[in-house]
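[1] Sequence and predicted model, in that order:
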Amino acid sequence: MKMTLSWINLALLSAFSTIALSEDISQAKKQLLLEVPRVDVIGTKDQQFKQSSTSTIVEQKELESAHVMTTNEALRKVPGVVVRDEEGFGIRPNVSIRGLNPTRSTKVMLLEDGIPLAYAPYGDNASYYYPSIDRFSRIEVQKGANQVKFGPQTIGGVINHITPDAREEFGGWASVMFGNRDYKNARFNIGGNGMLLDYTHKSGEGNRDNTNLNIDDLNFKITKAINDFHAVTFRANYFSENSQVGYSGLTSAEFNNFGGEYYPYKNDSFDTKRYGLSLTHDWQISDSALLRTNYYYSYFDRDWWRSSSNSNDNLGGASNCTLLRDQRLAGVRVDPSICQANQGRQRTYETYGVEPRLTVDHGMGQLELGFRAHFEDQDRRQDNGNTTTARSGVRVEDNIRKTDAYSGFVSNRFDIGQFNITPVLRYEYIDNSRKNNLNGQRGSESLTEWVPGISAAYTVNDQYTLYGGVHRGFAPPRVEDLIVGNGSTEVGVERSTNYELGFRARPTKALSIESTAFYNDFDNLIAVGSVAANLPALSEGKAKFGGLEVLGSYQFDNGMYTRLAYTWTPIAEQTSPFRRVDNNVIVGGSASGNRQPYAPENTITAAFGYRVGSWDAMIEAVHVGKQYADFAETEAVNATGQNGEISSYTIYNAAINYKMPEYKTTIFLVGKNIFDKEYIVDRTRGILTGMPGLIQVGARYDF
């Protein structure tokens with residue numbers, strides 16, 4: 001890679017943040033203990049209880065006892081979060097927070113150990129890669145004003161995935177799981193002397209015919225203390241997916257005639273490789289000051305060859321493709337090979353950066369400040385083939401897109417007795433450029449933004465905390481939306497004013513509850529339906545969202561336990577018509593007062609379990625209320641299946657674990673959607689259904 005200005009900036013920042021390694025520490029008066037170098041969004045349970053913003057932790061014990069198969073399952077345990085299934089493995093989850101559109105999780109900031117996880121969080125915050133849930137020890141979800149510290153996406157929330165700590169003593173475990181739909185899951189985890197190696201292999205059929213998924217996830221982690229004041233953690237990750245998976249949904253006639261598992265395209269393929277490296281350096285400057293610096297790099301390559309991008313796609317009228325499209329609309333069982341075309345959408349992303357964060361405890365509370373230099377290179381190509389099995393063709397897109405982003409924040413928590421107040425201010429400078437290699441056109445655009453917030457909490461005692469806050473929601477537009485051809489469009493940044501007010505309570509050791517009222521008022525919300533077919537076209541408008549979140553748990557004395565995550569979103573309103581960015585025309589049916597699409601009013605995840613002796617059994621109900629699929633609140637389903645109401649649904653999951661300590665072994669039986677309910681989850685590109693019933697059995701051995 002060439003030495004560019006970005007790399008020079010990176011080197012300077014690196015030198016600044018690590019100069020401490022050469023400091024003489026022989027005059028230190030006492031030894032200071034280091035935590036594992038890692039950026040926690042929330043921290044410990046006690047820290048969470050006193051936080052001034054809404055925060056939820058999904059613990060490792062909960063993930064393991066329920067044997068969550070996908071990230072979707074884990075996040076449904078968090079109030080305020082709605083997750084839409086896609087292929088059945090949760091490899092491409094669509095995450096919504098507080099009513100926002102879930103498509104490709106574009107309204108959420110994703111982190112791993114505090115490091116940006118998405119391959120382009122500034123220039124293209126879409127999740128076509130998501131690591132296996134199996135390799136995380138817990139998940140943190142932060143909403144409210146405290147998320148401003150982890151931009152640039154501050155409109156929905158932050159999801160931080162925490163990897164297990166490296167082991168000091170030698171040990172590990174291995175597990176295997178098998179199930180119907182040819183499901184296989186093999187895991188291996190071993191470590192010692194500050195090192196950890198973790199490997200996951202998953203394969204099986206997805207939620208539709210002609211869908212087979214295959215992923216490998218290999219991770220290495222090492223943590224070492226250099227001396228009493230310095231420690232480093234190095235992480236390396238390799239992730240690959242080699243799947244047979246399509247993109248189009250079903251037409252209404254296909255769904256009615258053949259059911260939701262039907263999918264005719266047998267030659268679609270999705271191949272992905274991702275390499276990730278990161279280094280975290282801790283400098284314990286004093287007993288009250290810590291400088292933690294993250295360096296990170298990722299390479300992501302994706303080739304998706306598909307025969308259709310939506311249920312009304314005729315691939316530009318290629319040979320017999322219009323005939324095939326019409327047969328699908330008529331509900332005929334088709335032979336996809338008659339359409340002499342396919343599309344290869346190929347993407348390569350390189351993302352790298354450095355982020356030092358300083359934390360200083362002082363007499364009045366805690367100061368935090370940080371700076372990030374972040375760089376993204378996108379290489380986006382599309383080749384149109386002349387058969388359904390082609391893996392090369394005519395180049396119709398060849399774009400280079402670059403983003404250089406510099407940001408900083410300062411936050412100070414003031415502790416005044418049992419009361420604390422935390423103002424926070426973030427600054428973003430984003431420089432985007434785009435080059436079309438097909439015609440030589442170039443364009444560039446830069447933007448700056450100040451993102452303020454303030455939150456406060458009153459901890460009555462160890463049992464009750466009241467909290468509230470307000471902050472500016474901000475999200476930058478994608479490079480491709482901001483710069484078209486050799487000029488920029490009029491698309492603006494997303495801006496909102498977000499409010500919340502809530503309380504946490506643990507009146508007894510057995511009972512825990514958290515409830516938050518929220519209201520988000522958008523000056524500008526960017527909306528797009530299908531990111532592949534651009535239907536509806538990119539649009540903007542004003543909107544507001546409001547509701548209530550409740551999270552509760554109770555542990556009975558006899559070993560029974562129950563958990564509840566409930567979200568009520570009565571307000572998800574367009575407060576102005578949404579207009580297309582390209583021509584300022586109102587999107588069909590959009591009007592002030594209409595409900596936003598993909599914003600269910602009620603979602604509930606409730607679990608009841610029983611732990612006694614070696615047994616741990618649990619049953620869980622997941623309910624998602626009805627939704628609209630378009631801006632017009634259309635209830636009747638059209639021929640393409642892309643418009644119409646999505647009915648509410650409830651599914652049930654269950655897990656039984658039996659531990660045999662004398663053999664260091666746990667065996668388990670797991671059921672997903674145990675009543676095999678067929679339900680629609682998405683219409684953005686035609687009808688997609690959720691995962692059918694699954695039964696899985698497995699064992700884990702610890703050593």
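    Good, I have the coordinates. Residues are numbered from 1 along each chain as shown.
[2] What residues sit buried inside stretch 492-500?
    493-496, 498-500 (16 or more other C-beta atoms under 10 Å). Where you see a C-beta, it was placed from the backbone N, CA and C, and this is true even at glycine.
[3] what do you get for stretch 414-433?
    415, 420-426, 428, 430-433.
[4] how about those residues in JSON lines, adding pLDDT, secondary structure and distance to residue 395?
    Shown next, in JSON lines, are the buried residues of stretch 414-433 (pLDDT from 0 to 100; DSSP: H, G, I helix; E, B strand; the rest coil; distance: C-beta to C-beta, whole Å):
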{"residue": "415", "pLDDT": "96", "secondary structure": "strand", "distance to residue 395": "60"}
{"residue": "420", "pLDDT": "96", "secondary structure": "strand", "distance to residue 395": "57"}
{"residue": "421", "pLDDT": "97", "secondary structure": "strand", "distance to residue 395": "56"}
{"residue": "422", "pLDDT": "97", "secondary structure": "strand", "distance to residue 395": "51"}
{"residue": "423", "pLDDT": "98", "secondary structure": "strand", "distance to residue 395": "51"}
{"residue": "424", "pLDDT": "98", "secondary structure": "strand", "distance to residue 395": "46"}
{"residue": "425", "pLDDT": "98", "secondary structure": "strand", "distance to residue 395": "45"}
{"residue": "426", "pLDDT": "98", "secondary structure": "strand", "distance to residue 395": "40"}
{"residue": "428", "pLDDT": "98", "secondary structure": "strand", "distance to residue 395": "34"}
{"residue": "430", "pLDDT": "98", "secondary structure": "strand", "distance to residue 395": "29"}
{"residue": "431", "pLDDT": "97", "secondary structure": "strand", "distance to residue 395": "27"}
{"residue": "432", "pLDDT": "96", "secondary structure": "strand", "distance to residue 395": "23"}
{"residue": "433", "pLDDT": "95", "secondary structure": "strand", "distance to residue 395": "21"}
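[5] pretty sure residue 235 contacts residue 165?
    No - here residue 235 lies out of contact with residue 165, judged by C-beta atoms under 8 Å, at a distance of 11.8 Å.
[6] Of these two, which one has the most company?
    More crowded of residue 235 and residue 165, by other C-beta atoms under 10 Å: residue 235, with 22 against 16.
[7] got the contact list for the more buried one?
    113, 163, 219-221, 276-280 (C-beta atoms under 8 Å, 6 or more residues apart in numbering).
[8] Tell me which of the buried residues of stretch 492-500 fall in strands.
    Residues of these located in strands (DSSP state E): 494-496, 498-500.
[9] Using PDB, list the CA coordinates for stretch 587-596.
    Provided in PDB are the C-alpha atoms of stretch 587-596 (Å, rounded to 0.1, in the frame of the first residue of the first chain):
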ATOM      1  CA  VAL A 587     -42.500   9.000  -2.700                       C
ATOM      2  CA  GLY A 588     -45.700   7.200  -3.600                       C
ATOM      3  CA  GLY A 589     -48.200   7.300  -0.700                       C
ATOM      4  CA  SER A 590     -46.000   9.100   1.700                       C
ATOM      5  CA  ALA A 591     -47.900  11.700   3.800                       C
ATOM      6  CA  SER A 592     -47.600  13.500   7.100                       C
ATOM      7  CA  GLY A 593     -49.200  11.300   9.800                       C
ATOM      8  CA  ASN A 594     -48.500   8.000   8.100                       C
ATOM      9  CA  ARG A 595     -46.600   5.400  10.100                       C
ATOM     10  CA  GLN A 596     -43.000   4.600   9.100                       C
END
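[10] Show me the two of the buried residues of stretch 414-433 that sit farthest apart.
    Based on C-beta to C-beta, the longest span within the buried residues of stretch 414-433 runs between 415 and 433 and measures 44.7 Å.
[11] Contacts only, for residue 518.
    54, 80, 98, 143, 498-500, 545-549.
[12] Kindly state the pLDDT recorded for the closest residue to residue 477 other than its chain neighbours?
    Of all residues not flanking residue 477 in the chain, residue 491 sits nearest, at 5.0 Å (C-beta to C-beta, 6 or more residues apart in numbering). On the pLDDT scale, residue 491 is placed at 83.
[13] For residue 491, pull up the helix or strand it's in.
    Assigned by DSSP states H and E, residue 491 belongs to neither a helix nor a strand.
[14] rewinding a little: reformat the contacts of residue 518 as a markdown table; add pLDDT, secondary structure and distance to residue 65.
    Shown next, in a markdown table, are these (pLDDT from 0 to 100; three-state DSSP; distance: C-beta to C-beta, whole Å):
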| residue | pLDDT | secondary structure | distance to residue 65 |
| --- | --- | --- | --- |
| 54 | 95 | coil | 25 |
| 80 | 97 | coil | 23 |
| 98 | 97 | coil | 28 |
| 143 | 97 | coil | 25 |
| 498 | 98 | strand | 34 |
| 499 | 98 | strand | 36 |
| 500 | 98 | strand | 30 |
| 545 | 98 | strand | 33 |
| 546 | 98 | strand | 34 |
| 547 | 98 | strand | 29 |
| 548 | 98 | strand | 28 |
| 549 | 98 | strand | 23 |
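[15] most surrounded residue in those residues?
    Neighbour tally across the contacts of residue 518 (other C-beta under 10 Å): the maximum, 31 neighbours, falls on residue 54.
[16] OK, contacts around it?
    80, 142-144, 467, 500, 502, 514, 516, 518, 549.
[17] Now for the residues you listed: which two are most distant?
    When C-beta to C-beta is used, the two most widely separated members of the contacts of residue 54 are 80 and 467, lying 14.7 Å apart.
[18] Tabulate the contacts of residue 518 (JSON lines), appending distance to residue 509.
    Output for these, formatted as JSON lines (distance: C-beta to C-beta, whole Å):
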{"residue": "54", "distance to residue 509": "23"}
{"residue": "80", "distance to residue 509": "26"}
{"residue": "98", "distance to residue 509": "31"}
{"residue": "143", "distance to residue 509": "26"}
{"residue": "498", "distance to residue 509": "33"}
{"residue": "499", "distance to residue 509": "32"}
{"residue": "500", "distance to residue 509": "27"}
{"residue": "545", "distance to residue 509": "35"}
{"residue": "546", "distance to residue 509": "34"}
{"residue": "547", "distance to residue 509": "30"}
{"residue": "548", "distance to residue 509": "26"}
{"residue": "549", "distance to residue 509": "23"}
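[19] Helices of this protein, start to end?
    In the chain, the helices defined using DSSP state H lie at 5-18, 45-49, 60-66, 71-75, 252-258, 321-330, 479-482.
[20] Give the buried residues for the third one.
    So the one you mean is helix 60-66. Buried residues in helix 60-66 (16+ other C-beta under 10 Å): 62-66.
[21] residue boundaries of the strands in the stretch 1-150 of the chain?
    Remark: strands assigned in the stretch 1-150 of the chain by DSSP state E, counting those that start in this stretch are 55-58, 81-84, 94-97, 109-112, 115-116, 138-142.
[22] any idea which of those strands is most buried?
    strand 94-97 (a mean of 26; mean count of other C-beta atoms under 10 Å).
[23] Could you list everything the residue nearest to residue 179 when sequence neighbours are not counted pairs with in the sheet?
    The shortest distance from residue 179 to any non-neighbouring residue, by C-beta to C-beta, 6+ apart, is to residue 696 (3.4 Å). Listed by DSSP bridges, the beta-bridge partners for residue 696 are residue 179, residue 670.
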